[in-house]
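> Sequence below, structure please.
(2 chains)
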Amino acid sequence: MNSKRIDISVGAALSVFSTAVFLYANQYKGKGVSEYGPNVFPQAMAILLFITSILLMVNAVRGNSQTDLEGIHLTGLIRSGITVGISIIYLILMQFLGFFLSTVIFLYVMMTYLGQKGQLKRIISTLAVSVVIYAIFNNFLKIPMPEGLFQRLF
Amino acid sequence: MESFMHLMTAFESILTNPISLIFVTIGVTAGIILGSLPGLTATMGCALLIPFTFSLPPIQGLVMLMGIFSGGIYGGSISGILIRTPGTPAAAATLLDGHPLSQKGEAGKAIGIATIASFVGGTVGALIMSFLSPQIAKFGLRFGPPEFFALAIFGLSMIVSISGKSILKGFISAIFGLLIATIGFDPLSGVPRFHFGNPNLLGGVEFIPALIGLFGFAQVFRNVEKMEIIPHVKSKVGKILPGRKETLKLLPTMVKSGAMGTFIGSVPGLGCDVAAFVAYGEAKRTSKTPEEFGKGSLVGIAAPEAANNGGTGGAMIPMLTLGIPGDAVTAVLLGALTIHGLQPGPLLFRDHIDIVFPIFAGMILCQLALLVIGLSGAKLFAKLINIDRKILTPVIFLLCIMGSYAMRFSFFDVGLALIVGIIAYFMEYGGFTVSPILLALILGPMAEQNMRRSLMLSHGDPLIFVTRPIAAVFLVLTVFITITSYRKMKQLNAKEKALMAEADADESLSE
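Residues are numbered from 1 along each chain as shown, chains lettered A, B, ... in the order given. Here you go, the predicted model:
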């Protein structure tokens, strides 16, 4: 997608968004101690956002868009998407397997997915990082980690 | 003189409690490591390591964060010198001369000079900060709501004018951030806003998850995306310690650039990177041998490196005295102070002098630690640059997840950070910078409260913002700077376009 089209679509989306915010914030009118209630600031910002997004579109139509934007690197984008997917599965898995076990699996899978070579290297770094992070968060910072069903059995 | 006594007492209390020194060392080391890895900035370092400071007493936690800040800004120069990729934006000026010198086989010398310059500049900055801040805070005590509103707007528009190539897009980012800042309870009336029935949003968008999303996750996604593109470079570092004569000759440049960096860094919006470039330009302008610049000149390394570390002290000044962060990292530090229950601003100097001066003393100690750790560990840090990305990235990813979870033990926050990260990742593709959002999150509540309080004071008359002299000055400055930087950017863009058109014409001719 070229920068002109990006600017026009972002501008259009933001102008709709700012209108929605303006209308939604209307419900806060008259609450609070003075006539400058909780609605004033969000509505003022919504107006400013509306104006700037219209300007963005006008600029783009006139051909004044930034030309030096980096293009999206498609295979890379897909790779980023998959890492987000892996991390969501990790967060769900953590509820069942507990922090430690799920972290070991997460790190190993991520390193394998990103193409780290050497089975032993992956296993050692996975275990070392998991132990260190677990020790720091659980024992030093005393942050309660999800134990999960599995960890409780032991 | 009073400040001096306070500073001495602060030193005494820190030095009698060696555990603080350990945190200084940990902070600086972690900062250098994170800073020297391209793709991990000082801001990200602070964001990732904030959770580790929650359980510490405020001073130790802050000292550690300042160590990360100083170490991170310095660490960026190591990778800049060795592989021509600045570890942090602030090191972009250092590589202009650092890398050519390293190609001549004198990488060690370049790093050595950079380390000493960082120490000198950082110390100058920390000293100026220690003695200037109390005066500014005293002045700030006279500020009322209209002045703070004007200051918040000034700070925001400054960062917009500096960051990114399009001012319009910068403003859109900032306004978007200001809107996000209104989520949650209204600070004046207690009315909950934009929470859509979700109790997790009643307190507003939590700062730490937003921060980790903007600067942690977004960067990780970018690193994952460009996994194959980042080159693997082997580099050799020779002797680190530069000669005494050479160093002494560079000392005046270092002190001057350090002081310059401090003042530039202290203007909200202008960060360490701007400081470094201005100092580099100034050193070149006043040099007797300007033709050596860019070919490995030692002055060309010392000036920007002293300036960017001086900038760290400078950036702390408006953050501590007025509650206006100078750049993204100080916004993080401000967030850390608030988490510890301390509200930066003129009142901090009146009510918490026992916290303020140890912060200053800690900053000075960080510079000393930087010198020692930098000179003794440079070879090790240089090796770390080549650490395997495919192992490092998952670990950083994990730290982002843990960091956003640790604040409230909440998976909602992790999800929020992930979503913010995805938005930030795409924003950068569209040419929108994310730093204004972070500043807006900090300055938004300040701007809103003070705007409404001012209007209450004036019974609804908006003229209150222009009839109060200090407020008027800041607002006029805001307009002036926005217009001038808009014009400058337009000229730059036109020049670029002309150059590109020329190149196109050449190409078609040659075909």
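> low pLDDT regions in chain A?
Along chain A, the model assigns pLDDT under 70 to residues A:1, A:31-34, A:66-68, A:70, A:149-154.
> switch to 80 and redo it
Along chain A, segments meeting pLDDT under 80 span A:1-3, A:30-36, A:63-73, A:139-143, A:147-154.
> so what are the domain limits for it?
Domain assignment for chain A by automatic domain parsing gives A:3-61, A:74-153.
> Kindly confirm whether my reading is correct that residue B:192 touches residue B:202.
Yes. Between residue B:192 and residue B:202 there is a contact under CB atoms under 8 Å: 5.5 Å. Any C-beta I mention is one placed from the backbone N, CA and C, and that applies to glycine too.
> Have a look at these two and say which one is more surrounded.
residue B:192 (18 against 13; other CB atoms under 10 Å in any protein chain shown).
> What residues does the more buried one make contact with?
B:184-186, B:202 (CB atoms under 8 Å, 6 or more residues apart in numbering or on different chains).
> mind listing what residue A:43 touches?
Here residue A:43 is in contact with A:21-22, A:25-26 (CB under 8 Å, 6+ apart).
> any idea of the mean pLDDT in stretch B:468-483?
Averaging pLDDT along stretch B:468-483 yields 90.
> and residue A:106, how many residues sit next to it?
So residue A:106, with other CB under 10 Å, has 23 neighbours.
> Oops, could you answer that again for residue B:281 instead?
By other CB under 10 Å, 14 other residues sit near residue B:281.
> Pick the one among the contacts of residue B:192 closest to residue B:457.
residue B:186 (18.3 Å; CB to CB).
> that older thread, anything in contact with each of residue B:192 and residue B:202?
Common contact partners of residue B:192 and residue B:202 (CB under 8 Å, 6+ apart): B:184-185.
> from the contacts of residue A:43, which ones fall inside helices?
By the criterion of DSSP state H, membership of these in helices covers A:21-22, A:25.
> contacts with chain B among those residues, please.
The residues of the ones in helices among the contacts of residue A:43 that also fall near chain B, by CB under 8 Å from any CB of the partner chain, are A:21, A:25.
> Please list only the buried members of the contacts of residue B:192.
Buried by 16 or more other CB atoms under 10 Å in any protein chain shown: B:184, B:186, out of the contacts of residue B:192.
> Rebuild the contacts of residue B:192 as TSV, extending it with distance to chain A.
Below are the contacts of residue B:192 laid out as TSV (distance: CB to the nearest CB, whole Å):
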residue	distance to chain A
B:184	11
B:185	9
B:186	4
B:202	14
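> Look at the nearest residue to residue B:157 once chain neighbours are set aside and give its secondary structure.
Counting by CB to CB, 6 or more residues apart in numbering or on different chains, residue B:157 lies nearest to residue B:478, which is 4.8 Å off, once chain neighbours are set aside. Assigned by DSSP: H, G, I helix; E, B strand; the rest coil, the conformation of residue B:478 is helix.
> I'd like the distance between residue B:478 and chain A.
To chain A, residue B:478 is 14 Å away according to CB to the nearest CB, to the nearest Å.
> For that residue, which residues are in contact?
Contact analysis of residue B:478 by CB under 8 Å, 6+ apart lists B:150, B:153-154, B:157-158.
> right, and the pair among those with maximum separation?
Taking CB to CB, no two of those sit farther apart than B:150 and B:158, at 12.3 Å.
> and residue A:8, what does it touch?
Residue A:8 touches A:57, A:60-61, counting by CB under 8 Å, 6+ apart.
> follow-up on the earlier one: so which of the ones in helices among the contacts of residue A:43 is the closest to chain B?
Distance ranking of the ones in helices among the contacts of residue A:43 against chain B, using CB to the nearest CB, places residue A:21 first at 6.3 Å.
> Identify the residue nearest the closest one in space, chain neighbours excluded?
residue A:46 (4.3 Å).
> for the one you found, what are its contacts?
Counting by CB under 8 Å, 6+ apart, residue A:46 makes contact with A:18-19, A:21-22, A:25, B:179.
> Turn these into TSV, including distance to residue A:91 and neighbour count.
TSV is the format used below for these (distance: CB to CB, whole Å; neighbours: other CB atoms under 10 Å in any protein chain shown):
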residue	distance to residue A:91	neighbour count
A:18	32	25
A:19	35	15
A:21	30	20
A:22	35	18
A:25	33	23
B:179	28	22
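> how about the helices in chain A?
Applying DSSP H to chain A gives helices spanning A:3-25, A:40-61, A:74-97, A:99-113, A:119-134, A:148-153.
> For the first one, list the C-alpha coordinates in PDB.
What that stands for is helix A:3-25. Extracted C-alpha coordinates of helix A:3-25, given in PDB (Å, rounded to 0.1, in the frame of the first residue of the first chain):
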ATOM      1  CA  SER A   3       1.700   6.200   1.600                       C
ATOM      2  CA  LYS A   4      -1.100   8.200   0.000                       C
ATOM      3  CA  ARG A   5      -3.600   5.400   0.500                       C
ATOM      4  CA  ILE A   6      -2.400   4.800   4.000                       C
ATOM      5  CA  ASP A   7      -2.900   8.500   4.900                       C
ATOM      6  CA  ILE A   8      -6.300   8.600   3.400                       C
ATOM      7  CA  SER A   9      -7.600   5.500   5.100                       C
ATOM      8  CA  VAL A  10      -6.100   6.400   8.400                       C
ATOM      9  CA  GLY A  11      -7.500   9.900   8.200                       C
ATOM     10  CA  ALA A  12     -10.900   8.500   7.300                       C
ATOM     11  CA  ALA A  13     -10.900   6.000  10.200                       C
ATOM     12  CA  LEU A  14      -9.700   8.700  12.700                       C
ATOM     13  CA  SER A  15     -12.300  11.200  11.600                       C
ATOM     14  CA  VAL A  16     -15.100   8.600  12.200                       C
ATOM     15  CA  PHE A  17     -13.400   7.600  15.500                       C
ATOM     16  CA  SER A  18     -13.200  11.200  16.700                       C
ATOM     17  CA  THR A  19     -16.800  11.800  15.900                       C
ATOM     18  CA  ALA A  20     -17.800   8.700  17.800                       C
ATOM     19  CA  VAL A  21     -15.700   9.800  20.800                       C
ATOM     20  CA  PHE A  22     -17.300  13.300  20.700                       C
ATOM     21  CA  LEU A  23     -20.800  11.800  20.700                       C
ATOM     22  CA  TYR A  24     -20.000   9.200  23.300                       C
ATOM     23  CA  ALA A  25     -18.400  11.800  25.700                       C
END
